[in-house]
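Asks: predicted coordinates and the sequence they were generated for:
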Amino acid sequence: MEDQPVPEQNIPPPGLPEQAPERPPFLRRMHPSAFALFSLGLVFFLYQLVGGAVTLLIANGSLTDIDVDLMRWTTLLGQLILILIPTLLLARARYTDLRGFLKLHVPNYREVIASTVGMFALQQLMQGYMLFQDSIPLPPQVQKLIDTFKETIDQTYRVLVSAQNPLELLFVVFTVALVPAVCEELLFRGLVQGSLERAVGGLRAAIIAGVIFGAYHLNPFSLVPLVLLGVYFGYLVHRSRNLTVAISAHFFNNFIACIALYLHVNDDFIVLAPSGTWTWPILLGNFALFGLVFVAATYYFIELTRHKNQQS
């Protein structure tokens, strides 16, 4: 019987060392915390600096004179191109199971309801905090400078969010509420918090990502509310292991502002004084009422997620 030919094998010649295994790509070799910071820095550069420069170029150097539709389209495309796409590319380059890493699952409707109620209660608590913060007396020159800066931010925001008819309102909700909720949650709670979890644990990652989220908006006057919102969103993801729960809460937060302005109600209203005229007893009552609502909604959310985690 003739010998069968032996298939060729990649065996190095005698005396030569074996070929070293291929090293993983650079992004996969990075420490999770370093990768999170690298991703944040890259997206910040793209959205805040490159996007800001392009916006100024389109507006001929004056944001106050820019057409409102142009501003909305610039905001929409900037979110999609300079936040969403880089976030997905970075996550795909680092992690093979993209959907599992980003925790994109169909949400439990009861978790969505509980987190939404908690979101509204927290929003009311933060509105009360902002009223208290604004009541702190400052030197006249400092107060005038702050008022001018806040007025500029407020005017830009109101132009972007205000709508004159239902069709325009739908576009505003899509541009200002839905798209930012999806893009920002994928970046901060999906990519950044998900990476930090591998280094510092889930709860710490939620807190760190929340602080970064607040600072990322470059609004020092709303820093505390933005940080607390970011931590709350992160906690929702930490407990539910589902990013879509935080996306729904984030969307609801933005949606309220769109509807309030459309109905000619101040978007910073408190429920017990919707007309904007408040007293300290009213403010304290609002704190007490929505503090209880927030605690109750959060407790119910924790119980829902605990029961779900025990079953899985």
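Replies: On my side now, so go ahead.

Asks: keeping just the C-alphas, turn stretch 43-58 into PDB.
Replies: C-alpha atoms of stretch 43-58 as PDB (Å, rounded to 0.1, in the frame of the first residue of the first chain):
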ATOM      1  CA  VAL A  43     -15.800  62.500  20.700                       C
ATOM      2  CA  PHE A  44     -15.300  65.700  22.600                       C
ATOM      3  CA  PHE A  45     -12.800  66.900  20.000                       C
ATOM      4  CA  LEU A  46     -15.100  65.900  17.100                       C
ATOM      5  CA  TYR A  47     -18.400  67.200  18.500                       C
ATOM      6  CA  GLN A  48     -17.500  70.200  20.600                       C
ATOM      7  CA  LEU A  49     -14.500  71.500  18.700                       C
ATOM      8  CA  VAL A  50     -14.800  70.300  15.100                       C
ATOM      9  CA  GLY A  51     -18.600  70.500  15.200                       C
ATOM     10  CA  GLY A  52     -18.500  73.900  16.800                       C
ATOM     11  CA  ALA A  53     -16.100  75.200  14.300                       C
ATOM     12  CA  VAL A  54     -18.200  73.900  11.400                       C
ATOM     13  CA  THR A  55     -21.300  75.500  12.900                       C
ATOM     14  CA  LEU A  56     -19.600  78.900  13.300                       C
ATOM     15  CA  LEU A  57     -18.400  78.600   9.700                       C
ATOM     16  CA  ILE A  58     -21.900  77.900   8.400                       C
END
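
Asks: could you point out which element follows the one helix or strand Ala53 maps to?
Replies: Counting by DSSP states H and E, the element that carries Ala53 is helix 51-58. Following helix 51-58 in sequence order, the next helix or strand is helix 68-79 (DSSP H and E).

Asks: packing partners of that following helix?
Replies: If you count contacts as 3 or more CB pairs under 8 Å, 6 or more residues apart in numbering; DSSP states H and E, helix 68-79 packs onto helix 51-58, helix 140-161, helix 179-185. C-betas here are computed from N, CA, C, even on glycine.

Asks: export the ones you listed as a markdown table, with columns for mean pLDDT and distance to Thr96.
Replies: Converted to a markdown table, these look like this (pLDDT from 0 to 100; distance: least, CB to CB, whole Å):
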| stretch | mean pLDDT | distance to Thr96 |
| --- | --- | --- |
| helix 51-58 | 80 | 30 |
| helix 140-161 | 82 | 38 |
| helix 179-185 | 97 | 21 |
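
Asks: out of the ones you listed, nearest to Phe269?
Replies: Of all those, helix 140-161 sits nearest to Phe269, with 14.2 Å by CB to CB.

Asks: which positions in the helix or strand just after that closest one come out as buried?
Replies: Under the assignment DSSP H and E, the closest C-terminal helix or strand after helix 140-161 is helix 166-172. For helix 166-172, a neighbour-count test (16 or more other CB atoms under 10 Å) marks 169, 172 as buried.

Asks: low-confidence ranges in the stretch 1-150 of the chain?
Replies: For the stretch 1-150 of the chain, the stretches flagged by pLDDT under 70 are 1-24, 59-66.

Asks: sorry, back to before: which of the helices and strands packed on helix 68-79 sits closest to Leu82?
Replies: helix 51-58 (4.9 Å).

Asks: from the chain's centroid, how far away is the closest one?
Replies: Centroid displacement of helix 51-58 relative to its chain, using CA atoms, centre = their mean, to the nearest Å, is 22 Å.
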